[in-house]
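Undergrad: Coordinates only, no sequence provided:
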């Protein structure tokens, strides 16, 4: 205290204004008025955000209906031309090969380095439409173009061809690869496979030996039984639902078409907190800046594509439940069985530990199952390179601008080095001291550290999943014998269309359009005026902070629910089949 008094005595007298004479406090300085002002500021801000939020949901509904009316075209931010349409092949499939011709009003040919190989990008057909690899400028297509590669994109159409099978799709993809190779002699194309398209690229690599260059597998599952207890619950769903019969039932009631909205619902159920709360509260909290991003993504997310009965049956029965690719028994067509040992082109596997749909366990677990040792991998003359991200989610592997600018650019810039590697297993490490995503070498460095196949250990309970496969075969046989003939006889295009438009993934969106809810015009009328004259509450408004705490509390509650639900699923699976 003495020191404080001494220090204060050294300050000039002007620093201490004379005390004000006692008198009545003005209303403007009243604490109650100050709190009232904060309440009013928050209420006005909340009311304005609510109007804008509802209008964004109205726009999302209109976008969805408009996209349907247009026939669900691919959502690419690039101009393209159609090279081949597989619907006209002798064995038709609902796929087409596109060539990217323009970027930002500039001819793509002007940006191409003729010495670089072409890049062919395949998007997943897992419920949504094509576009995840190119609906942003900073995307896989965008990065490949900026690096000077000729770029091709494999698209697909909303409805499968009559009787379409996986073999038809793979034969069409092979013709696409041959066509691209023919346009660029001596430069085998680099294949980019996203998610489910990754196993298609892998099968192409095994079937097109010598025709293709490096294959990049992004978040691609090949080892379907792998995963970690409490973290990857989706791999248990086949067992808990009794096997593959439910997929065939769903396709049968859809008049031999499997509605992709069911797959999208599975993704949302995996993280209900994000699907029901987080993404909407993020929009509500920052509606002034988040609306455009939200609408752009939702246009793609809510465009649902169908698979044929035979396709979904083969995928679920042979891959998700049968795990046949890793086991080397997947039959592409009569007399042709996929053998991953036939792959000779380098494989680049990109996975993330933040991905709970395709974790590194499923992206990498097949390697020690196919190659018993590093020596065996080297003897096969194969080069496998993998890199992992510690936190990005499943979709972030494909659409995150930061990932596109760094990891995908690093892969493209390192293709020559990858091709020149000696046979073996390598982990690709990116050294980026500045932490900048949008940079080129030598601003970041890339190194390939040798790894041992014997070091790849991922949890896998083969006995439990073998039981799942056996029970699935029994249930599937019963369904095909007893129920399927009746359901197939009663299903028709009218009933399938009715079920399609009554699906909750659609009704929860399009019913907020003014075409179905006339009162939504109220938001359309007010929103422009509010946007032009916004009154956001200050960031330090205590009521705004309470809102944020409430949002966080509800989000945490969803996380707790999700954790307990997943643990209950693990316990149920273990009780029926054994530990997973």
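TA: Right, received. Where do you want to start? Just so it is clear, the model here is predicted, and its values are computed rather than measured.
Undergrad: could you list every residue that touches the most centrally placed residue in the chain?
TA: Per CA atoms, centre = their mean, the C-alpha nearest to the average position across the chain is that of residue 395, at 2.6 Å. Applying CB atoms under 8 Å, 6 or more residues apart in numbering to residue 395 gives the contacts residue 132. Quick note: C-beta positions are derived from backbone N, CA and C, even for glycine.
Undergrad: contacting residues for residue 62?
TA: Contacts of residue 62 by CB under 8 Å, 6+ apart are 513-515.
Undergrad: Of these, grab the buried ones for PyMOL.
TA: Here is the PyMOL selection string for the buried members of the contacts of residue 62, based on 16 or more other CB atoms under 10 Å:
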select buried, resi 513
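Undergrad: SS state for the nearest residue to residue 387 once chain neighbours are set aside?
TA: Closest residue in space to residue 387, ignoring its immediate chain neighbours: residue 428 at 4.0 Å, by CB to CB, 6 or more residues apart in numbering. With DSSP: H, G, I helix; E, B strand; the rest coil as the basis, residue 428 sits in strand.
Undergrad: Tell me the pLDDT of residue 428.
TA: For residue 428, the pLDDT comes out at 94.
Undergrad: which stretches of the stretch 301-450 of the chain form strands?
TA: Ranges of strands in the stretch 301-450 of the chain, per DSSP state E, counting those that start in this stretch, are 306-308, 331-333, 336-337, 347-352, 383-389, 424-431, 445-451.
Undergrad: which strands and helices sit next to the longest one?
TA: For strand 424-431, the contact count by 3 or more CB pairs under 8 Å, 6 or more residues apart in numbering; DSSP states H and E identifies helix 374-379, strand 383-389, helix 409-413, strand 445-451 as packing neighbours.
Undergrad: Out of these, which is closest to residue 165?
TA: Distance to residue 165, taken as CB to CB, is lowest for strand 383-389 among those, at 29.4 Å.
Undergrad: Parallel or antiparallel, which strands does that closest one pair with?
TA: When pairs are called by DSSP bridges, strand 383-389 turns out to pair with strand 347-352 (parallel), strand 424-431 (parallel).
Undergrad: I'd like the next helix or strand past the helix or strand of the chain with the lowest mean pLDDT.
TA: Within the chain, confidence by mean pLDDT, DSSP states H and E is lowest for helix 2-9 among all helices and strands, at a mean of 40. Once the chain leaves helix 2-9, the next helix or strand it forms, by DSSP states H and E, is helix 31-69.
Undergrad: just to revisit the earlier point, please identify the most buried of the strands paired with strand 383-389.
TA: strand 347-352 (a mean of 24; mean count of other CB atoms under 10 Å).
Undergrad: Output the contacts of residue 62 in TSV, with pLDDT appended to each entry.
TA: Conversion of the contacts of residue 62 to TSV gives the following (pLDDT from 0 to 100):
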residue	pLDDT
513	97
514	96
515	95
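Undergrad: show me what contacts the residue nearest to residue 387?
TA: Residue 428 touches 348, 385-387, 410-411, 414, 446-448, counting by CB under 8 Å, 6+ apart.
Undergrad: Show me the beta-bridge partners of it.
TA: Residue 428 forms beta bridges with residue 448, as assigned by DSSP bridges.
Undergrad: so can I have a markdown table of the helices and strands packed on strand 424-431 showing mean pLDDT and mean neighbour count?
TA: Listed next are these as a markdown table, based on pLDDT from 0 to 100; neighbours: other CB atoms under 10 Å:
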| stretch | mean pLDDT | mean neighbour count |
| --- | --- | --- |
| helix 374-379 | 94 | 16 |
| strand 383-389 | 93 | 22 |
| helix 409-413 | 88 | 21 |
| strand 445-451 | 93 | 14 |
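Undergrad: Tell me which of those sits nearest to residue 46.
TA: strand 383-389 (36.7 Å).
Undergrad: Can you list the neighbours in contact with that closest one?
TA: Contacts for strand 383-389 (CB under 8 Å, 6+ apart): 346-354, 360, 363-364, 367, 377, 397, 403, 407, 411, 418-419, 421-430, 448.
Undergrad: Which residue ranges of the stretch 151-300 of the chain form strands?
TA: Using DSSP E, counting those that start in this stretch, strands in the stretch 151-300 of the chain cover 151-156, 190-194, 215-218, 257-259.
Undergrad: Need those in TSV (columns: mean neighbour count).
TA: Shown next, in TSV, are these (neighbours: other CB atoms under 10 Å):
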stretch	mean neighbour count
strand 151-156	26
strand 190-194	29
strand 215-218	27
strand 257-259	25
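Undergrad: can you tell me which two in the contacts of residue 428 are farthest apart?
TA: Spatially, the most separated pair among these is 348 and 447, at 14.5 Å (CB to CB).
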